[in-house]
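> predicted model follows, preceded by the sequence.
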Amino acid sequence: MTAPVDAKPDVIARLRQLPMHHRWLRWAVLAASLAFSAASTYYFSVQMRQEARSRFATIAVGVANDVQSRIRAYGDVLFALRGLFDSSDKVTRDEFHRFAQALSLGERYSGVTNISFAPRVPHARKLQFERAVRAETSPLVKGLPEFAIKPPGERAEYLVLTYIEPMGKNVAAWGLDLNADPLRRSVIERARDTGQMASSSGVTLLRDSSASVSSTLLRLALYRGGGVPGSVEERERLYWGMVGSTVRVGELIEATLSKEVLSRAQLQIYEVGNAPGEGAAGGTLLFDSAAPGAAATAPAPAEFSGHAVTHRLAVGDREWRLRIVPRKDPVDLLDKAGTAAILAALLAISALLFWLMTSVAVSESRGAELAQRNHEGAVLNELGEKLYSSLTLQAVYEVIARHLPRLLPETAGALFVFESLRSSAAVAAQWGDPAGIGEISTPDDCQSLSRRLLHSVSDSAKAQNCRHFRGVPPLHYSCAPLSAQGDLIGVLHVQRSRPSSPRFSEAEMYLVKAVAQHAGLALANLKLRNSLRDQSIRDHLTGLYNRRFLEESLARELARARRAHSSFAVLMLDVDHFKRFNDQFGHEAGDAVLRALGRAIKGSCRRNDLPCRFGGEEFTVVLIDIGGKEATQWGERFLSRVRSLDVESREQNLGKITISAGVALYPEHGEDIETLLQAADIALYEAKHSGRDRLVVYRSIAVGAKPEGAVMDTQDLKPEK
């Protein structure tokens, strides 16, 4: 009888292989475990939050009621003031002062900076009113500045702050026309038309002009005959003055609420408009207990904003919204500890399952890492091959900009290359969008150049940074010097494209150094090749092209001009009395003259022109795409420029320098190189023969005739003024 096959070991083996073939499985198990943990603690969290909100809402109601009661008390002061003026036809400054003292503003009404009375003054009575106030003999006005309505200017009527208590620091507002300020005039008009107290907040007083202190204006209108007339028309007709008070919002709150309350809750007060449904955060911020200088400067933690309570308060005819946020967690610590213990146990089980499944998948991750290294090696080899096969510097820059994003993903950077004198390095290539890239003015601007080593920064806030950034350096970056045979060529700069990306790993820094080595050798080879080519086509003394390059280029220009049916000019230039400089000052002086002329010729030529040292003290300039008139004008300007040259050798001034010039034009004076050069040379000879320091244009005897025996068109030149 055959024994049954045990399938249990086979099932276990398949289960072990699941994390290797399905990497998402471990994350699915972890997500399911976390979801179960969250569901287990949800009920307790909901109960705790509800209870916390209920407790804090009770505190917030008490805060709002205290502030409302304080505002009502400040409003009662205005109604008492109106009663004072309604009971007497003439309230003197001394009576107003005694009334204010009886109120004990400083002790009983903290935050009230002043109470005031402002009569309505028509323009016709302005001067009379000012004289009357100046004539007062009350001791209260002694020592005060001379009274005048301000700001200056003519208006239909004025509402002038005449009685202010206490005067003290409020003297700056004495004589202020409240109608002159649109904000204050708006409050006054509302108080006049309604007969009720009007308010406006967010005002900066004259006495507080140098500090950002928010104040609230409270205004109540006075009417002839006392009381409040029944219609708007009657109120406007009988309106004769205004009483008011000014309240600093911050001082009001500090006097109303204890430090203990403000330490437990952050209070924000907004003045909002009358738009339906407008939220508390939609208006002007008047007070914030977390602002600098307030009773408690630490803002409420953001995680407690869900417990915030908003209340609406009436202040005159406007509305305040109070937003109260707890500073301390309203949830009981014991409840939180119980919930945390349950959650911690479930999370520990989830972490254990995740760790077991991750261990099984480690082998696959190592295989992926090996594949990544192979990929990097292939890209690096491809980069090296293309760099060494590049024929121009621009091709090298393009290869680096194209391959670096493949080799170092999530990076940006730039390649700095030194100028010929190695004094500064500019950006020659870049990839991505590197932040803050500037220029390297000196080698000391980059740490990698001064040390000649890779400089990698993992946290720029704590490291010694390079100085080639505009503004704040990126968080993670690396700089590698480019060198060949001990000579510095440039810098390869690499930075993370996102600040949240991790710092550079050892493998990435190795790649940066490898790219820098390849780029340095490729650039050095190209620069050496270009230097050798440049030496073969340029005159070492003047920096102009040599005669061999001129003849090759002139042949190409002739072919191009024939195809395009265009013209060009050939100028032969020769230094007048050049032997004098060598004989009188030495050969170094002659070289200085030639170098100065080389710089002048190069500076006068356009990009496509061909400036050349033909030999000795003789120069040739080919002006491309130009006619006879323009060529002559160019020559005249250049001769004038030469006359103004100031050349020194061994601290000796060499005196005035002049040249002679001959001009030949294509195709008028010849259609091949030999004919054109000979024509220009004949014209130069004529310029020398006719007195030097002048320009002569060659003129042939007949079309197609050879230069021999030609007639010259001589033009004397005068220096430009």
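Arrived safely, thanks for sending. What you see is a predicted model, and the numbers here were worked out from it, not measured in a lab.
> excluding residues flanking it in the chain, which one is nearest residue 283?
Nearest non-adjacent residue to residue 283, counting by C-beta to C-beta, 6 or more residues apart in numbering: residue 272, 3.4 Å away. C-beta coordinates here come from the backbone N, C-alpha and C atoms, glycine included.
> the one you found: how many residues sit nearby?
Neighbours of residue 272 under the rule other C-beta atoms under 10 Å: 18.
> on the pLDDT front, check it for me.
With respect to pLDDT, residue 272 scores 80.
> return the distance of the helix of greatest length in the chain from the chain's centre.
The longest helix of the chain (DSSP state H) is helix 24-86. What separates the centre of helix 24-86 from the centre of its chain is 39 Å, taken as C-alpha atoms, centre = their mean, to the nearest Å.
> residue 646 against residue 653, yeah?
Yes: counting by C-beta atoms under 8 Å, residue 653 is a contact partner of residue 646 at 6.9 Å.
> hmm, back to that, show me what the residue nearest to residue 283 is bridged to.
Counting by DSSP bridges, residue 272 forms beta bridges with residue 319.
> could you shift the numbering so residue one becomes 35, and keep it that way?
Got it, the first residue is 35 from now on, which makes the last one we talked about residue 306.
> now do the strands in the stretch 85-234 of the chain.
146-156, 191-193, 197-199, 232-237 (DSSP state E, counting those that start in this stretch).
> most centrally placed residue in the chain?
residue 505 (8.9 Å; C-alpha atoms, centre = their mean).
> how about the contacts made by the residue nearest to it when sequence neighbours are not counted?
Nearest non-adjacent residue to residue 505, counting by C-beta to C-beta, 6+ apart: residue 470, 5.0 Å away. Applying C-beta atoms under 8 Å, 6 or more residues apart in numbering to residue 470 gives the contacts 503-508.
> about what we covered before: name the SS class of the residue nearest to the centre of the chain, please.
Following DSSP: H, G, I helix; E, B strand; the rest coil, the label given to residue 505 is coil.
> tell me the confidence at it?
Residue 505 carries a pLDDT value of 81.
> look up phi and psi at it.
phi 90, psi -150 (degrees, to the nearest 10).
> and it, how far is that from residue 464?
Computed as C-beta to C-beta, to the nearest Å, the residue 505 to residue 464 distance reads 17 Å.
> residue 607 now?
43 Å.
> mind checking which of these two has more residues around it?
residue 607 (28 against 18).
> so where does the more buried one fall, helix or strand?
strand 602-609 (DSSP states H and E).
> likewise residue 640?
Counting by DSSP H and E, residue 640 is part of no helix or strand.
> what's around residue 492, how many residues?
Counted with other C-beta under 10 Å, the neighbours of residue 492 add up to 13.
> from memory it sits against residue 511, does it?
No: using C-beta under 8 Å, residue 492 makes no contact with residue 511, being 9.3 Å away.
> after the strand holding residue 607, which helix or strand is next?
Per DSSP H and E, strand 602-609 leads on to helix 612-619 as the next helix or strand towards the C-terminus.
> low-confidence ranges in the stretch 585-734 of the chain?
Counting by pLDDT under 70, the stretch 585-734 of the chain contains low-confidence residues at 734.
> can you name the next helix or strand after the strand or helix carrying residue 371?
Assigned by DSSP H and E, residue 371 belongs to helix 367-423. Using DSSP H and E, the helix or strand that follows helix 367-423 in sequence is helix 427-441.
> give me the contact list for that following helix.
Defining contact as C-beta under 8 Å, 6+ apart, one finds that helix 427-441 is touched by 410, 413-414, 416-417, 420-421, 424, 445, 447, 449, 451, 462-466, 526, 528, 545, 549, 553, 556-557, 560-561, 564.
> pull the CA atoms of it into CSV?
Presented in CSV, the C-alpha positions along helix 427-441 are these (Å, rounded to 0.1, in the frame of the first residue of the first chain):
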residue,chain,number,x,y,z
LEU,A,427,34.8,72.0,-26.8
GLN,A,428,31.1,72.5,-27.4
ALA,A,429,30.7,68.8,-28.2
VAL,A,430,32.4,68.0,-24.9
TYR,A,431,30.0,70.3,-23.0
GLU,A,432,27.0,68.7,-24.7
VAL,A,433,28.2,65.1,-23.9
ILE,A,434,28.5,66.0,-20.2
ALA,A,435,25.1,67.8,-20.1
ARG,A,436,23.4,64.8,-21.8
HIS,A,437,25.0,62.0,-19.8
LEU,A,438,25.2,63.3,-16.3
PRO,A,439,21.3,63.1,-15.7
ARG,A,440,21.5,59.4,-16.8
LEU,A,441,24.5,58.7,-14.5
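> ok, the helix or strand that comes right after it: who's next to it in the sheet?
Later in the chain than helix 427-441, the nearest helix or strand by DSSP H and E is strand 445-452. Paired strands of strand 445-452, with direction, are strand 459-465 (antiparallel), strand 521-530 (antiparallel) (DSSP bridges).
> point out the most buried one among those strands.
When these are scored by mean count of other C-beta atoms under 10 Å, the highest mean neighbour count falls to strand 521-530 (a mean of 24).
> that older thread, out of the contacts of residue 470, flag the one nearest to residue 733.
Checking the contacts of residue 470 against residue 733 by C-beta to C-beta gives residue 504 as the nearest, at 59.4 Å.
> close enough to count as contact, the closest one and residue 468?
No: counting by C-beta under 8 Å, residue 504 stays clear of residue 468, with 10.7 Å between them.
> pick out whichever of those two has more residues nearby.
Using other C-beta under 10 Å, the more surrounded residue of residue 504 and residue 468 is residue 468, with 20 against 10.
> so that one, which of the three states?
Under the three-state scheme (three-state DSSP), residue 468 adopts coil.
> how about it: what's its closest non-neighbour residue?
Nearest non-adjacent residue to residue 468 (C-beta to C-beta, 6+ apart): residue 446, at 4.3 Å.
> share the number of residues neighbouring that neighbour, please.
Around residue 446 there are 22 other residues, counting by other C-beta under 10 Å.
> residue 201 against residue 178, yeah?
Yes: under the criterion of C-beta under 8 Å, residue 201 makes contact with residue 178 at 7.1 Å.
> pull up the overlap in contacts between those two.
Counting by C-beta under 8 Å, 6+ apart, the shared contacts of residue 201 and residue 178 are residue 208.
> the more surrounded of those two?
Higher neighbour count among residue 201 and residue 178: residue 201, with 17 against 12, using other C-beta under 10 Å.
> residue contacts, that one?
Contacts for residue 201 (C-beta under 8 Å, 6+ apart) come out as 174, 178, 208.
> try it again at 10 Å.
Residues near residue 201 by C-beta atoms under 10 Å, 6 or more residues apart in numbering: 127, 131, 148, 174-175, 177-178, 207-208.
> what's the closest of these to residue 642?
Nearest to residue 642, judged by C-beta to C-beta, of the contacts of residue 201 is residue 207 at 75.0 Å.
> number of nearby residues for that closest one?
Residue 207: 20 surrounding residues under other C-beta under 10 Å.
> surely it meets residue 197?
No: counting by C-beta atoms under 10 Å, residue 207 sits too far from residue 197 to count as a contact (11.3 Å).
> joint contacts of the two?
With C-beta under 10 Å, 6+ apart as the test, residue 207 and residue 197 both reach 148, 150, 152.
> let's have the residues you listed in JSON lines, adding neighbour count, pLDDT and distance to residue 632.
Below are the shared contacts of residue 207 and residue 197 laid out as JSON lines (neighbours: other C-beta atoms under 10 Å; pLDDT from 0 to 100; distance: C-beta to C-beta, whole Å):
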{"residue": "148", "neighbour count": "22", "pLDDT": "89", "distance to residue 632": "82"}
{"residue": "150", "neighbour count": "24", "pLDDT": "92", "distance to residue 632": "84"}
{"residue": "152", "neighbour count": "25", "pLDDT": "94", "distance to residue 632": "84"}
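> look up the pLDDT of the residue nearest to residue 505 for me, please.
With respect to pLDDT, residue 470 has a value of 83.
> can you check the one 3 residues further on too?
As predicted, residue 473 sits at a pLDDT of 84.
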